[in-house]
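1. turn this into a structure:
(one chain, ligands or ions: 2)
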Amino acid sequence: MANTIPTVTLNDGNTIPQLGFGVFQISPADTTEAVRRALDIGYRHIDTAQGYGNEAEVGQGVRAAGLAREEVYLTSKLNNNAHRPADARAAFQASLDALRTDYLDLFLIHWPLPTRHDGDFVSTWKVLEEFKADGRARSIGVSNFQVPHLERLAAETEVVPAVNQIEAHPYLSNDEVRAYGAKNGIVTEAWSPIAQGAVLDDPTITDIAAQLGRTPAQVVLRWHIQRGDVVFPKSVTPTRMAENFQIFDFALDEATMERITRLDRGEDGRTGPHPDTFG
Ligand SMILES: NC(=O)C1=CN([C@@H]2O[C@H](COP(=O)(O)OP(=O)(O)OC[C@H]3O[C@@H](n4cnc5c(N)ncnc54)[C@H](OP(=O)(O)O)[C@@H]3O)[C@@H](O)[C@H]2O)C=CC1
Ligand SMILES: O=C(O)C(=O)[C@@H](O)[C@H](O)C(=O)CO
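-> Ligands and ions are numbered 1, 2, ... in the order given. Take a look at the predicted model:
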């Protein structure tokens, strides 16, 4: 079986590579080389954010790889301190400038709650609709939105988010939010797909990995892929970057998928901040 990265079609007709490379917690000093190496391995989708402080270096990495802009799918996210419409417009243009590009493939509201109390994600979303309309964002979406946040957008705005990027991994299946997305044409992107390593020592995962002759990370990433979610594991370790890319030449059967899904710990499995309170 060839290791070909599938694409997922979004509700606006655009497509996104189902596997990407995340750059949260990669220092600016290390980002250019990490992105260059990821693209050399074959990744064609990079997930960054204004808050990661490494957008300029992501852009440098793309150029260092010698790839044309349109060969790489680039996502960034609006900082929580820039929800006010004028701030959001300035912050979005700053992202384009830092990346040295005139468009993003995907731009997200990073978290529903603004740092400042006078912002509101509904008015912020209407500004993202402008970026979509003028073509500077090919697709727009949200991140860390819970069902009530998505319901408010549906009631008060025009464009349905193309994606919702949420924490999801075997210890936090986050299936209620995923199900709302599936029903309403919103693709789920699973962040911290290996729970920053926390799921890799789980006996069920190590047992499956041993049976299949794969690594625990490959098994978990493959589980996400077969659930239909988009993932972008982060690593600065070249062998792991290559390992995480090699997940399209095997498959998990239904019983194995179910064994992993049963590891869900609900809210106890959450590793990051809660979207209802973080901002
Ligand atoms: N929208 C949001 O709010 C959020 C979005 N994200 C996005 O999701 C991406 C991925 O999530 P992230 O939190 O980085 O965590 P991940 O679940 O991708 O885990 C990254 C950690 O796992 C280690 N690791 C990676 N591959 C392997 C492997 N094959 N074997 C063993 N250990 C491995 C890495 O170590 P090392 O680097 O040392 O190899 C690192 O410590 C982020 O980079 C970001 O793009 C993440 C958090 C929140
Ligand atoms: O990585 C992200 O995209 C995040 O939002 C995280 O930084 C998250 O905000 C966090 O871990 C804060 O402690």
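2. where do the helices sit along this structure?
-> 28-41, 55-64, 85-99, 121-133, 147-156, 175-184, 203-212, 216-227, 238-245, 254-261 (DSSP state H).
3. out of those helices, the one nearest ligand 2 is which?
-> Ligand 2 sits nearest to helix 55-64 of all the helices of the chain, at 12.7 Å, using C-beta to the nearest ligand atom. (Each C-beta comes from the backbone N, C-alpha and C, glycine too.)
4. mind checking pLDDT for the residue in the stretch 151-279 of the chain that ligand 2 sits nearest to?
-> Nearest to ligand 2 in the stretch 151-279 of the chain, going by C-beta to the nearest ligand atom, is G272, at a distance of 4.8 Å. Note on G272: pLDDT of 96.
5. residues contacting it?
-> E167, W191, S192 (C-beta atoms under 8 Å, 6 or more residues apart in numbering).
6. turn those residues into JSON lines, columns for distance to L74 and pLDDT.
-> Formatted as JSON lines, those follow (distance: C-beta to C-beta, whole Å; pLDDT from 0 to 100):
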{"residue": "E167", "distance to L74": "22", "pLDDT": "98"}
{"residue": "W191", "distance to L74": "16", "pLDDT": "98"}
{"residue": "S192", "distance to L74": "20", "pLDDT": "98"}
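7. among the helices of the chain, which is nearest Q18?
-> Of all the helices of the chain, helix 216-227 sits nearest to Q18, with 6.1 Å by C-beta to C-beta.
8. could you give the mean pLDDT of that closest one?
-> pLDDT averaged over helix 216-227 gives 98.
9. my read is that E243 contacts Q218, right?
-> Yes. Between E243 and Q218 there is a contact at 6.3 Å, judged by C-beta atoms under 8 Å.
10. interface residues of the stretch 151-279 of the chain facing ligand 1?
-> Listed as neighbours of ligand 1 in the stretch 151-279 of the chain under the rule C-beta under 6 Å from any ligand atom: 165, 191-197, 200, 215, 217, 232-237, 240, 243-244, 272.
11. hmm, I was thinking of the stretch 1-150 of the chain
-> G22, V23, F24, Q25, D47, H110, S143, N144.
12. between those residues, which is nearest ligand 1?
-> The shortest approach to ligand 1 among those belongs to G22, at 2.4 Å (C-beta to the nearest ligand atom).
13. now, of the contacts of G272, which are buried?
-> For the contacts of G272, a burial check counting by 16 or more other C-beta atoms under 10 Å picks out E167, W191, S192.
14. so what's the nearest residue to the last one once chain neighbours are set aside bridging to?
-> Going back to what we said before, that points to S192. Nearest residue to S192, sequence neighbours excluded (C-beta to C-beta, 6 or more residues apart in numbering): E167, at 5.6 Å. Judged by DSSP bridges, the bridge partners of E167 are W191.
15. right, and S95 touches L104 too?
-> Yes. Under the criterion of C-beta under 8 Å, S95 makes contact with L104 at 6.8 Å.
16. interface residues of the stretch 151-279 of the chain facing ligand 2?
-> G272, P273.
17. quick check on the nearest residue to D268 once chain neighbours are set aside: phi, psi?
-> Distances taken as C-beta to C-beta, 6+ apart place Y171 nearest to D268, at 7.9 Å, with adjacent residues excluded. Dihedral pair for Y171: phi -90, psi -10, per degrees, to the nearest 10.
18. roughly how far does Y171 sit from L212?
-> 20 Å (C-beta to C-beta, to the nearest Å).
19. looking at those two, which has the bigger crowd around it?
-> For Y171 and L212, the more surrounded residue by other C-beta atoms under 10 Å is Y171, and the numbers stand at 19 against 15.
20. my read is that the more buried one contacts G269, right?
-> Yes. Applying C-beta under 8 Å, one finds Y171 in contact with G269, separated by 3.2 Å.
21. find residues that contact each of these two.
-> With C-beta under 8 Å, 6+ apart as the test, Y171 and G269 both reach A195.
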